[in-house]
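In: Let me see the structure of the following:
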Amino acid sequence: MSEVEADQLKQAVENTHGGTATFVQTVPVREVHGDELVWQGMVHVFDLAGHPTATRAYAWSSAVANSARRRFYAVLHTERINSPLEAVRAAIVAEHKSPGRSG
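Out: Purely as a prediction, here's the structure:
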């Protein structure tokens, strides 16, 4: 299974950030650093009602290496994170800054 259903991503947004997510669109994203493809996939855009600061969220999933599982990402729209591409970039940066990660 390469992609997940919009309902699963809606649930990820609501479980992570609260509020009620409504699907808006799916956007293809390709993030390249230099000549290296860092991430490529579909990002789902949701309107978000009932959240104290955000009215939009971005969600996607990626396969977990050497596993049949998937990791879900749910990123809130902010002044700086204002597109699906920026949401993916923010998640990549956060992942690389997380404790216990080598590299």
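In: Output the longest helix belonging to the chain.
Out: When the chain is scanned for its longest helix (criterion: DSSP state H), the result is helix 84-97.
In: The lowest-mean-pLDDT helix or strand in the chain: which residues count as buried?
Out: The weakest-scoring helix or strand in the chain, judged by mean pLDDT, DSSP states H and E, is helix 84-97 (a mean of 93). Buried residues in helix 84-97, counted by 16 or more other C-beta atoms under 10 Å: P84, L85, E86, A87, V88, R89, A90, A91. All C-beta spots, glycine's among them, are computed from the backbone N, C-alpha and C.
In: which residues touch the longest helix of the chain?
Out: 27, 29, 31, 38-39, 43, 45, 58, 60, 73, 75, 77, 80-81, 101, 103 (C-beta atoms under 8 Å, 6 or more residues apart in numbering).
In: ok, of these, which come out buried?
Out: Buried positions within these, assessed by neighbour count (16+ other C-beta under 10 Å), are V27, V29, W39, V43, V45, Y58, W60, Y73, V75, H77, I81.
In: what's the offset of stretch 38-45 from the middle of its chain?
Out: 7 Å (C-alpha atoms, centre = their mean, to the nearest Å).
In: That should have said stretch 57-73, apologies.
Out: 9 Å.
In: now what about it, what contacts it?
Out: Contacts of stretch 57-73 (C-beta under 8 Å, 6+ apart): 1-4, 8-10, 12-13, 17, 21, 29, 39, 41-46, 48, 51, 74-77, 81, 84, 87-88, 91.
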